[in-house]
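Undergrad: Generate coordinates for the sequence data below:
(one chain, ligands or ions: 2)
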Amino acid sequence: MENKHKFSIWYVLLGIWVVLIIQSYIASMFAVQVIPYSQFLGMLKEGKVTEVAVTANQIEGKMKVDGAAAETKAFRTVRVDPELSKLLDQYKIIFKGEIESTFLRDLLSWVLPILLFVGIWYYMIQRMGSQQAGFMTLGKNKAKIYMQDELNVTFNDVAGVDEAKQELMEVIEFLKTPAKFTELGGKIPKGILLVGPPGTGKTMLAKAVAGESGVPFFSISGSEFVEMFVGMGAARVRDLFEQAKKRAPCIIFIDELDALGKARGFGTFGGHDEREQTLNQLLVEMDGFDTKVGVILMAATNRPEILDPALLRPGRFDRHVLVDRPDKQGRKEILQVHMKKIKIGPDVDLDLLANMTPGMVGADLANLVNEAALLAVRRDKKEVGLAEFEEAVERIIAGLEKKNRLINPRERETVAYHEMGHAIVALSLPGTDPVQKISIIPRGISALGYTMQVPTEDRFLMTKTELLNKIASLLGGRAAEAIIFNDISTGAHNDLARATDIAKSMIREYGMSKRLGQVYLSPDKRPQFLDVGRREGGDYSEATSEMIDQEIREVISGEYNRATQILQSRKDILVRGALLLLEKEKIEGSEIQALMA
Ligand code: ADP
Ligand code: ZN
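TA: Numbering: from 1, shown residues only. Ligands and ions are numbered 1, 2, ... in the order given. Down below sits the predicted model:
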């Protein structure tokens, strides 16, 4: 592009030159002899001039040619002031008039527009060029490269994932002293797959491995590989590996590997050709390099089950590291890491906070600490106290309080009875999570009220009775509405969804149905929207499928009846509780227990 453009400028110059040559040639064809004014005067005296045409500045005319009487010759001279010319003539000085040279001016009037034109043209080319260049570099890499000094994430920053850290120690050792390992002929995994729910710190772990071993860190998301144009993603993979090899030892980290590595042939929507090509290229690159080079590939996914099996074969992502949700101890450690950055009040009890946050992952806990800090700022506090943390937990679980949202009194009443229904059923049944708080202040986008039940400990197993009790308390809200108002509302739709999910799992996964027995009736784990043309559900007959439906219905209706019975027998508590709730908007678990007693 650059070359061609220079070439064109030469063309323009050449053109100008040719025009000038032609001009002078034409001028010489009509050759006019330019003579000094003194000569003109002389010829005039000698009678050689035959005719003249006088203009303001010059005199043109014809003169006789010496020797040939009939022939004349055109001449031109520039006029000189007549008085002066007389004087000059007296002293026989050769003198001539000269018209001020306009050459420079003419040149400028030519050259300036040309320059301007060339300038504009150059600018346009440049702009187009940069656009075109952007187009051309699509295949180039968007991977962010973090050098070791800007990473500054260490293992100390990632808490509550000790097992994962232990597994990654070996990789760090290798990256620190690759020679030691290769001398011994040790084999280092090429690809390490970090598997775990979102926000558990997979990205952080990968960065920490780079940080601890002091090597560059290439980070790219699987979704960034999949380009609009076929072939671009593959080019990008190639480019990424080339860059990485130059900087070895280093780590390549692919976030959201599932976006790129979905099993091939999954789903028939357009655009998967491109993904396939990109995935193939990734496989080729992975097979093509030797760990001796010192490039370690790390990837993260929260859906390992949909990955293409080819990715998981030996020599590829064959090392899997589980990064699970933190347990209570883990949550404490994570909270500690994030609390280091803020000023904490003396009343903050880590143990209590860890108890209040089961199921939360590292990202949630980081967010929690941040929310609490923001609340403290808003309340003009010097340090973040327990009250702020509690409020932040509620916010994260149930969304922001929307005190100003207008709800008509009848709706408020419905919500109060509904929430009270959940609480009373839960408190009447053993093995349900204790009720911590009931509120009818609207929160979040759609919750009009909520009953906060928080487990006292992490649970890994649940019994059938506990599951049934849970379903009953979920249905308690609707049951209360039916008892009090003889009508039901749409407010229970989330409860119904959750209750149905539990019932489904009990029957299909946990073998908790008498009629179906101890079988696992695989609910299809793969995302259903990808299953074009596949029958939903697992490998069982229509009859079984029908039976499953019936069983789910039976469980739900059985539990609904149980909830209704409980509430009928404690209708007075239901009414008193609801009235209290309408008055106070928010009641604590202890108050409800007092009411029940
Ligand atoms: P993932 O990659 O698993 O989705 P990230 O590594 O992106 O999760 O974590 C997001 C944020 O959550 C981090 O920046 C960090 O602040 C916080 N976080 C997550 N897990 C942890 C952890 N184990 N320890 C400390 N902070 C964590
Ligand atoms: Zn409800």
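Undergrad: contacts, neighbours, all on C-alpha from now
TA: OK.
Undergrad: and the gap between D157 and ligand 1?
TA: To ligand 1, D157 is 6 Å away according to Cα to the nearest ligand atom, to the nearest Å.
Undergrad: burial of that residue, as a residue count?
TA: Neighbourhood size, D157 [other Cα atoms under 10 Å]: 17.
Undergrad: Angles on the backbone of I254, please.
TA: phi -110, psi 110 (degrees, to the nearest 10).
Undergrad: pLDDT on the helix or strand where Q126 lies, on average?
TA: Taking DSSP states H and E as the criterion, Q126 maps to helix 103-136. For helix 103-136, the mean pLDDT works out to 73.
Undergrad: distance between it and the chain's centre?
TA: Computed by Cα atoms, centre = their mean, to the nearest Å, the separation of helix 103-136 from the middle of its chain amounts to 39 Å.
Undergrad: Also stretch 45-57?
TA: In terms of Cα atoms, centre = their mean, the gap separating the centre of stretch 45-57 from the centre of its chain is 87 Å.
Undergrad: measure it end to end?
TA: For stretch 45-57, the first-to-last residue distance is 21 Å (Cα to Cα, to the nearest Å).
Undergrad: Just want the phi and psi numbers for the nearest residue to P189 once chain neighbours are set aside.
TA: Beyond its immediate neighbours in the sequence, the residue positioned closest to P189 (Cα to Cα, 6 or more residues apart in numbering) is R319, lying 6.6 Å away. Main-chain torsions, R319, degrees, to the nearest 10: phi -110, psi 120.
Undergrad: Could you do P442 as well?
TA: Torsion angles, degrees, to the nearest 10, at P442: phi -60, psi 140.
Undergrad: Once you drop chain neighbours, what's closest to it?
TA: Here the residue nearest P442, using Cα to Cα, 6+ apart, is L448, at 4.2 Å.
Undergrad: which residues touch the one you found?
TA: Residues in contact with L448 (Cα atoms under 8 Å, 6 or more residues apart in numbering) are 415, 440-442.
Undergrad: that older thread, pretty sure the residue nearest to P189 contacts V195?
TA: No. Look at R319 against V195 with Cα atoms under 8 Å: they stay out of range, at 10.3 Å.
Undergrad: And G233, how close does it get to E276?
TA: From G233 over to E276 (counting by Cα to Cα), the distance is 10 Å.
Undergrad: what about these two, which has more around it?
TA: Counted by other Cα under 10 Å, G233 and E276 do not tie: G233 has more neighbours, with 30 against 22.
Undergrad: So for stretch 382-389, what gets flagged as buried?
TA: Buried residues in stretch 382-389, counted by 16 or more other Cα atoms under 10 Å: 383-386, 388-389.
Undergrad: can you give me the angle the helix or strand hosting A27 makes with helix 103-136?
TA: Assessed by DSSP H and E, A27 sits inside helix 2-29. Following axes from the mean of the first three to the mean of the last three Cα atoms, to 10 degrees, one obtains 160 degrees for the angle between helix 2-29 and helix 103-136.
Undergrad: next helix or strand past helix 2-29?
TA: Downstream of helix 2-29, the first helix or strand assigned by DSSP H and E is strand 33-34.
Undergrad: I'd like to know which elements that next one is packed against.
TA: Secondary-structure packing of strand 33-34 (3 or more Cα pairs under 8 Å, 6 or more residues apart in numbering; DSSP states H and E): strand 72-78.
Undergrad: Adjacent strands (with direction) for the strand it packs on?
TA: Using DSSP bridges, strand 72-78 pairs in its sheet with strand 33-34 (parallel), strand 58-64 (antiparallel).
Undergrad: residue contacts, V118?
TA: Neighbouring residues of V118 by Cα under 8 Å, 6+ apart: I9.
Undergrad: try 10 Å this time
TA: Taking Cα atoms under 10 Å, 6 or more residues apart in numbering as the contact definition, V118 lies against 8-9, 12, 112, 124.
Undergrad: Would you format the residues you listed as TSV with distance to ligand 1 and neighbour count included?
TA: Output for the contacts of V118, formatted as TSV (distance: Cα to the nearest ligand atom, whole Å; neighbours: other Cα atoms under 10 Å):
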residue	distance to ligand 1	neighbour count
S8	53	12
I9	54	12
V12	58	13
L112	58	11
M124	43	12
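Undergrad: of all these, which two lie farthest apart?
TA: The largest separation in the contacts of V118, counting by Cα to Cα, is between L112 and M124 at 18.3 Å.
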